[in-house]
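Asker: Need the 3D shape of this:
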Amino acid sequence: VWWEEIAGSTACLDGIRARGIDVTQYTTDNIARDVIALREALGYEQWNLYGSSFSTSVMLLVMDTDPNGTRSAILQSVKPPNETTFAHEADSPLRAIEQMFADCQAHDRCAASYPSLAEDFFALVRRLNEEPLELEIDGSPVGERLPIALDGNRFIDWIVINPLYQPVFPHHDAAYLPLLIDEANRGNVGPLELAAQRHWTASIENPNWAWGLKFSINCQQDMPAAGRTRPAADLAASQRLDGFARSATQRAICDAWDLAPLPPAADDDVRSDVPTLVLAGSYDPVTPPAWSKTTAEHLPNSIYVEFPGHGHDVTSSNPCAATLEARFLADPTRELDTACVDTEPGPAFVVRNEVYRAPGLARSGEEVSLGAAGGVVWIEAIAVVSIYGTMLITVILLVSGLVWLARVRHRTPRNGDRTALVAYGLAWLAALATVTIGVLLDQVNDDVARRSELAFAIGPSRDLLSARLLAWISPLAAVVILSLTTTVTWAWLTR
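Answerer: Residues are numbered from 1 along each chain as shown. Now for the predicted structure:
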């Protein structure tokens, strides 16, 4: 993975410098100055600020230095300018992970399904560190399958932390984490492979990531602010996670970039009278809600709202947050009614008996990738023959049955007509059931994709209408086909 390798990161830096760009100018303070300069250049007397994650540091500095030009501010998942994630690269993720353990145990069905969830998780991390899972990831920009060793660190970072950015209730990926851990411990590693692919596509290959900007700020301000000695709490969390350190590679990259360290963006919490709405998610694994709450405590005209069922991307699938933001912007000085927070879904997890187990669903989709790289040719050929063969047989059965009925009406009844009628009727039902199953399979795929793609590697949820219909029609189709076979065999033996 290029950004996890020193050579790749230094090549990135060389490319930036070759274009005459001075990366030392990319600092939190300078970005804050640019925001103020932009407001002045546009001729606005005041405007509203919106910050999420790192950009909340920028907005807090703007609020501090340009209060007269700031009408209001909305800050979600606050990263205070006097804090650094480099000092919390293990304890922040562990806090969110242990929150998942606690919430699962607090719900009877989750606790009954995963009685040893914490122990299973830590055992899986240790096992992956001892024997990494060898995977192949579809690297679409280079058009080839890339080998990836999924060890315990990547498992935590890619597969556990990444879903916790989103809501932690069905049918988002985080709701499947206990089931995913359980499946992996039972030997089904398909969900791990699919989750790794999703992280690769959404994060590593994401063209919206400005890696040069990220490393410039981290290496000049965030990492130096943390110092070379990690805090005791973070070291203890790292030990509990079998040596996990999310920023270990970034520290090595910063050493290779060798940028002169700068003072932190702030030495203390920002204090400002600007009306501010502060939003946080209880499951945030990167900027813990305590940071947002502390920030709000130093802003006398602020409102702090925490959503129990949400992670780092607080506003994702969160209509209440959108409502609060709109009301706040309409009048930042008015008292804000936050009652809708109680109507938002709380943390909830998918348990084993809530899914139809079909772990081959994702693999079949990969193997039958008509017209795309990565498919298995012979399986694709069989799929094509099966699809068109089924359509052809269905048409033949329907047409031949209609022709037979037309002939029977214009001749004298025979001894075998009743048996033939039953056989044709069963044949039509079998054809109809087969077509219906095909349509439902396609619908299940669509329904699962709209919810959580992790379900592809485990099985669709039982509350999906398409999945329930498929579960009923499939055995009925088997009974019809068996009856048809029996009828035809009996007719042949008694001919």
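Asker: residues contacting the residue lying closest to Thr343 once chain neighbours are set aside?
Answerer: Ranked by Cβ to Cβ, 6 or more residues apart in numbering and with sequence neighbours excluded, the top spatial neighbour of Thr343 is Cys320, at 6.7 Å. Just so you know, the C-beta spots here come from the backbone N, C-alpha and C atoms, and that holds for glycine as well. Counting by Cβ atoms under 8 Å, 6 or more residues apart in numbering, Cys320 touches 307, 340-341, 343-344.
Asker: What confidence value was assigned to Cys320?
Answerer: Looking at Cys320, its pLDDT stands at 97.
Asker: what's the neighbour count on Thr489?
Answerer: Burial measure for Thr489: 10 neighbouring residues, criterion other Cβ atoms under 10 Å.
Asker: That one and Asn185: what is the separation?
Answerer: Distance of Thr489 to Asn185, computed by Cβ to Cβ, to the nearest Å: 46 Å.
Asker: does the closest residue to Leu476 other than its chain neighbours belong to a helix or a strand, and which?
Answerer: Excluding its sequence neighbours, the residue lying closest to Leu476 (Cβ to Cβ, 6+ apart) is Ala433, at 6.6 Å. Using DSSP states H and E, Ala433 maps to helix 417-451.
Asker: And the helices in the stretch 251-400 of the chain?
Answerer: In the stretch 251-400 of the chain, the segments counted as helices under DSSP state H, counting those that start in this stretch are 289-297, 319-330, 360-367, 377-408.
Asker: picking that back up, could you look up the next helix or strand downstream of the helix holding Ala433?
Answerer: Using DSSP H and E, the next helix or strand after helix 417-451 towards the C-terminus is helix 465-493.
Asker: Return the list of helices and strands in contact with that next one.
Answerer: Helix 465-493 sits against helix 417-451, with contacts defined as 3 or more Cβ pairs under 8 Å, 6 or more residues apart in numbering; DSSP states H and E.
Asker: Quick check: the nearest residue to Glu45 once chain neighbours are set aside vs Pro132, distance?
Answerer: Spatially, and ignoring its direct neighbours in sequence, Glu45 is nearest to Gly69 (7.0 Å; Cβ to Cβ, 6+ apart). Per Cβ to Cβ, Gly69 is found 52 Å from Pro132.
Asker: returning to what we had before: which strands and helices lie in contact with the helix holding Ala433?
Answerer: Contact partners of helix 417-451 among helices and strands, from 3+ Cβ pairs under 8 Å, 6+ apart: helix 360-367, helix 377-408, helix 465-493.
Asker: what is the mean pLDDT for the second one?
Answerer: What that stands for is helix 377-408. When pLDDT is averaged along helix 377-408, the result is 68.
Asker: Who are the contact partners of Ser292?
Answerer: Counting by Cβ under 8 Å, 6+ apart, Ser292 touches 75-78, 278-280, 304, 306.
Asker: got TSV for those, with pLDDT and distance to Ser238 too?
Answerer: Listed next are the contacts of Ser292 as TSV, based on pLDDT from 0 to 100; distance: Cβ to Cβ, whole Å:
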residue	pLDDT	distance to Ser238
Leu75	98	29
Gln76	98	27
Ser77	98	22
Val78	98	24
Val278	98	29
Leu279	98	29
Ala280	98	24
Tyr304	98	29
Glu306	98	26
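Asker: Now distance to Val351 and neighbour count too, for those residues, in CSV please.
Answerer: Formatted as CSV, the contacts of Ser292 follow (distance: Cβ to Cβ, whole Å; neighbours: other Cβ atoms under 10 Å):
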residue, distance to Val351, neighbour count
Leu75, 35, 29
Gln76, 30, 28
Ser77, 29, 28
Val78, 34, 31
Val278, 34, 26
Leu279, 29, 27
Ala280, 28, 27
Tyr304, 33, 20
Glu306, 26, 17
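Asker: So which of those belong to strands?
Answerer: 75-76, 278-280, 304, 306 (DSSP state E).
Asker: what about the stretch 151-300 of the chain, any weak spots by pLDDT?
Answerer: 205-206 (pLDDT under 70).
Asker: ok so Arg145 is a helix residue?
Answerer: No - using DSSP: H, G, I helix; E, B strand; the rest coil, the secondary structure at Arg145 is strand, not a helix.
Asker: Would you check how far apart it and Glu193 are?
Answerer: From Arg145 to Glu193 the distance is 12 Å (Cβ to Cβ).
Asker: between those two, who's got more neighbours?
Answerer: A direct count of neighbours by other Cβ under 10 Å for Arg145 and Glu193 places Glu193 higher, at 20 against 13.
Asker: How about the contacts made by the more buried one?
Answerer: Residues near Glu193 by Cβ under 8 Å, 6+ apart: 133, 135, 457.
Asker: which one of those sits closest to Arg95?
Answerer: Leu133 (25.9 Å; Cβ to Cβ).
Asker: That closest one touches Leu192, doesn't it?
Answerer: Yes - Leu133 lies in contact with Leu192 (Cβ atoms under 8 Å); the separation is 6.3 Å.
Asker: Can I get the helix or strand where Gly51 lies in CSV? Just the C-alpha atoms.
Answerer: Here Gly51, judged by DSSP H and E, is contained in strand 47-52. Below are the C-alpha coordinates for strand 47-52, written out as CSV (Å, rounded to 0.1, in the frame of the first residue of the first chain):
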residue,chain,number,x,y,z
TRP,A,47,-20.6,34.2,7.6
ASN,A,48,-21.4,30.8,9.2
LEU,A,49,-18.6,28.4,9.8
TYR,A,50,-18.9,24.6,9.4
GLY,A,51,-16.2,22.2,10.5
SER,A,52,-15.9,18.4,10.7
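Asker: following that strand, which helix or strand shows up next?
Answerer: Going down the chain from strand 47-52, the next helix or strand is helix 54-65, by DSSP H and E.
Asker: what does that next one rub up against?
Answerer: Against helix 54-65 from outside (Cβ under 8 Å, 6+ apart): 28-29, 31-32, 35-36, 49-51, 70, 73, 75-81, 217, 265-266, 270-272, 274, 276, 287, 295.
Asker: repeat for stretch 122-137
Answerer: Residues from elsewhere that reach stretch 122-137 (Cβ under 8 Å, 6+ apart): 145-153, 155-156, 181, 184-185, 189, 192-193, 196-197, 200, 240-244.
Asker: From those, which land in strands?
Answerer: 145-150.
Asker: can I get the residues you listed in a markdown table with distance to Leu464 and pLDDT?
Answerer: Shown next, in a markdown table, are these (distance: Cβ to Cβ, whole Å; pLDDT from 0 to 100):
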| residue | distance to Leu464 | pLDDT |
| --- | --- | --- |
| Arg145 | 31 | 76 |
| Leu146 | 33 | 80 |
| Pro147 | 35 | 85 |
| Ile148 | 31 | 88 |
| Ala149 | 35 | 92 |
| Leu150 | 29 | 94 |
